[in-house]
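[1] Okay, sequence plus prediction incoming.
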Amino acid sequence: MVALVLGSIACQTAQRPAALLPSGKSSAPTLSATPAPAPQSDADAKTVAAAQSQNEVQPDSVAELIAQVEKEYQIGQDNYRAGHLEAAKENFDRAFNLLLGSSLDVRSDERLQQEFDRVLDGINGLELQALQEGDGFAQQKSEPAPIDEANEVTFPVDQNLKAKAEAEVKATHSDLPLMMTDPVVGYISYFSTRGRGTLERALARSGRYQEMIQRVLKEEGVPQDLIYLAQAESGFHPLALSRAGARGMWQFMASRAKGYGLERDWWVDERQDPEKSTRAAAHHLKDLYNEFGDWYLAMAAYNSGPGTVQNAVKRTGYADYWQLYQRNVLPKETRNYVPIILAVTIMAKNPEQYGLDRVVTEKPVPYDAVNIDYPVDLRLVAECVDASASTLQDLNPSLLRLTTPKDREFELHLPAGTKDRYLSAITAIPPDMRVWWRYHKVAPGDTLSSVARSFHTSRQAIVQSNNLDGDESLRVESELIIPVAPGKHPADEVASYSRRATTYKVRKGDTVQTVADNFGVPPSMVRRWNHLKGDSVRGRRVLYVHLPVAPDASERRQAVASKSKSKNKLQAKASKSVVHHKVQRGETLYSIAKSHNTTVDALKENNGNLANLRPGMVLVIGSPTR
């Protein structure tokens with residue numbers, strides 16, 4: 001159970017009133033001193049005095065450990081309430097690692113056991129609230145911003161390359177000033193070698209957004225070639241996140257984004273909206289140009305803030321970027337920032353000279369838009385329009401969760417040509433159940449009973465919701481409304497999957513089931529991703545699989561539900577050499593069982609009959625099952 005909670009903490013992501021959360025003021029159990037018995041002799045007195053002196057010299061190691069655990073746990077709760085979910089996960093992980101990685105045995109001291117149970121109960125409480133609110137709280141996975149890596153490299157200046165590039169720059173038309181300096185040449189060398197893949201991927205993605213970006217930049221009256229600022233910053237990835245916390249294609253910090261009208265809350269971050277963030281960036285860059293009268297200084301201020309650039313100008317008396325560069329009065333990343341953008345611009349505008357003419361750019365992705373004022377799970381939307389949830393996420397990158405916002409309007413983007421189909425299908429689902437209910441396309445072999453079992457609902461509920469006659473047999477390819485009770489989503493619906501599909505080359509003897517088992521995903525999802533109907537993969541050379549990015553929620557629910565029932569049982573097993581094991585990458589149930597001289601069945605019994613292992617899980621290791 002502990003393993004399942006720890007493994008699932010990455011997708012605990014719901015903001016709630018503080019009253020519903022475990023109290024932030026709770027602390028470790030109070031430690032009270034017990035008076036020493038009165039000495040009966042001089043020898044006894046000396047013994048007691050020595051013991052007291054020893055206690056004074058050596059602090060209570062148990063109390064120190066509890067204080068460290070408590071500090072991490074409380075910081076984790078604060079981060080959780082603030083919506084800093086990855087930070088909260090790290091805090092909770094560290095709290096458990098401190099307890100389980102210490103030389104002190106949790107079972108050896110009642111205070112440690114109490115702290116372990118209290119921290120576990122607190123995290124279980126957060127998880128339970130997330131499930132009660134709906135399962136659309138898995139935090140979106142970000143992409144590392146390419147600008148971070150480029151900022152860390154230094155390449156020597158190739159004089160031959162510089163001479164060639166200088167000639168090219170003179171013949172290159174741009175509505176931004178282009179200069180060939182040693183730093184620019186260094187980054188051309190970088191993007192021609194080590195950073196070439198980064199540049200090519202960004203150029204390929206540019207086709208998806210180029211038309212929109214150039215339209216917006218033109219409407220806002222700023223140079224069209226500022227598009228290469230976004231290429232250098234994010235590689236045109238809406239989910240790009242820098243180490244400093246800048247987000248989106250245009251890498252806005254939260255405070256700056258707010259000043260330019262980009263909303264950010266629990267559900268949505270408009271820094272990740274391609275068009276809204278482009279317009280905000282154009283406004284911001286135009287304001288900076290009006291302030292400095294120079295596009296290089298404007299770009300430097302875009303990176304480090306106008307105050308930083310103004311201070312550098314005042315210190316030196318030079319309102320010239322290259323003068324500030326030479327005098328080393330700008331932050332390192334700002335000194336690199338303009339050369340990176342210029343290098344990317346020069347190379348992108350001269351693709352043949354740099355071997356980039358073979359890069360195939362993506363096409364813009366058309367979509368339908370519908371304004372909604374109710375929360376709906378993207379997986380239900382996907383089922384309404386016969387698409388994948390990852391497709392819906394790609395079309396709605398500003399969404400931080402798998403559900404749309406509550407109590408506000410949202411422009412939902414759908415695959416082109418599916419608006420009417422969605423509006424027709426969604427009307428059959430009650431508005432207050434659109435984060436819970438599902439559609440299910442009947443597959444060969446499905447019966448009313450089997451579908452009810454797989455969705456953790458009742459046969460009668462399906463019959464009533466679909467006006468069926470109760471016959472067990474179902475028409476293949478027909479669609480059923482599945483009235484899932486809140487908190488009862490099945491495993492394959494609750495798990496979150498990566499947006500990017502992994503390509504798997506089909507081998508002789510493969511089936512849908514064997515591929516699903518290999519990747520730790522449900523067979524129904526493999527069929528859905530590949531438009532398969534049965535278990536056969538005959539005729540397929542490759543299959544596409546989206547890897548899990550969050551643990552199975554059915555395990556989480558089982559962990560939460562069984563906590564109160566199994567707590568005494570787990571404590572009773574402590575006397576039978578119960579230990580804990582943190583799962584490492586590459587380990588299996590068999591290898592763990594063998595290393596602890598137990599059995600796979602015993603591991604399953606002690607950990608809620610878990611199906612899939614993931615690195616970071618903490619397993620309860622019990623006595624072997626005979």
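    Sure, I can see it.
[2] where along the stretch 251-400 of the chain do the strands fall?
    367-372 (DSSP state E, counting those that start in this stretch).
[3] remind me which residues of it are low pLDDT?
    Applying pLDDT under 70 to the stretch 251-400 of the chain flags no residue at all.
[4] so where do the helices sit in it?
    Here the stretch 251-400 of the chain has its helices, by DSSP state H, counting those that start in this stretch, at 254-259, 274-292, 295-304, 306-316, 321-326, 332-348, 378-385, 389-395.
[5] Turn those helices into a markdown table, columns for distance to Asn530 and mean neighbour count.
    The C-beta positions use only the backbone N, C-alpha and C, and glycine is treated the same way. Shown next, in a markdown table, are the helices of the stretch 251-400 of the chain (distance: least, Cβ to Cβ, whole Å; neighbours: other Cβ atoms under 10 Å):
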| stretch | distance to Asn530 | mean neighbour count |
| --- | --- | --- |
| helix 254-259 | 39 | 15 |
| helix 274-292 | 29 | 20 |
| helix 295-304 | 43 | 23 |
| helix 306-316 | 51 | 16 |
| helix 321-326 | 52 | 18 |
| helix 332-348 | 36 | 23 |
| helix 378-385 | 15 | 24 |
| helix 389-395 | 13 | 20 |
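[6] Same list (these) but as JSON lines, adding distance to Gln77.
    Below are these laid out as JSON lines (distance: least, Cβ to Cβ, whole Å):
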{"stretch": "helix 254-259", "distance to Gln77": "21"}
{"stretch": "helix 274-292", "distance to Gln77": "32"}
{"stretch": "helix 295-304", "distance to Gln77": "34"}
{"stretch": "helix 306-316", "distance to Gln77": "34"}
{"stretch": "helix 321-326", "distance to Gln77": "44"}
{"stretch": "helix 332-348", "distance to Gln77": "33"}
{"stretch": "helix 378-385", "distance to Gln77": "28"}
{"stretch": "helix 389-395", "distance to Gln77": "29"}
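[7] ok now the helix or strand harbouring His440, how far from the chain's centre?
    For His440, the host element (DSSP states H and E) is strand 438-441. Its chain's C-alpha centre and that of strand 438-441 lie 26 Å apart, by Cα atoms, centre = their mean, to the nearest Å.
[8] That strand - contacts with which helices or strands?
    helix 378-385, strand 479-482 (3 or more Cβ pairs under 8 Å, 6 or more residues apart in numbering; DSSP states H and E).
[9] Can you add distance to Gly534 and give those back as CSV?
    Conversion of the helices and strands packed on strand 438-441 to CSV gives the following (distance: least, Cβ to Cβ, whole Å):
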stretch, distance to Gly534
helix 378-385, 20
strand 479-482, 18
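[10] And the closest residue to Tyr325 other than its chain neighbours, how far from Gln326?
    In this structure, Tyr325 finds its nearest non-sequential neighbour in Arg335, 5.5 Å apart by Cβ to Cβ, 6 or more residues apart in numbering. Distance, Arg335 to Gln326, by Cβ to Cβ, to the nearest Å: 10 Å.
[11] same thing with Asn336?
    In terms of Cβ to Cβ, Asn336 sits 14 Å off from Gln326.
[12] do you know how far the residue nearest to Tyr325 is from Thr418?
    Distance of Arg335 to Thr418, computed by Cβ to Cβ: 48 Å.
[13] what's the answer for Leu98, then?
    Counting by Cβ to Cβ - Leu98 and Thr418 are separated by 50 Å.
[14] what's the helix or strand for Leu178?
    Counting by DSSP H and E, Leu178 is found in no helix or strand.
[15] So in that sheet, which strands flank the strand holding His440, and in what orientation?
    Applying DSSP bridges to the sheet, strand 438-441 is found paired with strand 479-482 (antiparallel).
[16] could you dump the partner strand to PDB, C-alpha only?
    Extracted as PDB, the C-alpha positions of strand 479-482 are listed here (Å, rounded to 0.1, in the frame of the first residue of the first chain):
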ATOM      1  CA  GLU A 479     -21.400   2.900 -28.400                       C
ATOM      2  CA  LEU A 480     -22.600   2.600 -24.800                       C
ATOM      3  CA  ILE A 481     -22.900   5.400 -22.200                       C
ATOM      4  CA  ILE A 482     -21.100   4.200 -19.100                       C
END
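[17] average pLDDT for it?
    Mean pLDDT, computed over strand 479-482, is 93.
[18] Likewise for stretch 228-239?
    On average, stretch 228-239 scores 95.
[19] measure that stretch end to end?
    17 Å (Cα to Cα, to the nearest Å).
[20] before we move on, what about stretch 432-450?
    26 Å.
[21] go on, stretch 432-447?
    Terminal residues of stretch 432-447 lie 27 Å apart, using Cα to Cα.
[22] ok so, going back, for the strand holding His440, which outside residues touch it?
    379-380, 383-384, 425, 451, 455, 477-482, 484, 493 (Cβ atoms under 8 Å, 6 or more residues apart in numbering).
[23] Could you list the low-confidence segments of the stretch 501-626 of the chain?
    Scanning the stretch 501-626 of the chain with the threshold set as pLDDT under 70 gives 501, 517-520, 547-580, 582, 585-588, 590-591, 605-618, 622-626.
[24] Next, the contact list for Arg279, please.
    With Cβ under 8 Å, 6+ apart, Arg279 has these contacts: 216, 220.
[25] same thing but at 6 Å, please
    Arg279 is in contact with Val216, counting by Cβ atoms under 6 Å, 6 or more residues apart in numbering.
[26] Check Ser242 too.
    By Cβ under 6 Å, 6+ apart, the neighbours of Ser242 are 145, 148, 251.
[27] Now the phi/psi pair for it, please.
    Dihedral pair for Ser242: phi -90, psi 170, per degrees, to the nearest 10.
[28] what's the spacing between the closest residue to it other than its chain neighbours and Gly305?
    Nearest residue to Ser242 in three dimensions, chain neighbours excluded: Ala145, at 4.0 Å (Cβ to Cβ, 6+ apart). Using Cβ to Cβ, Ala145 is found at 17 Å from Gly305.
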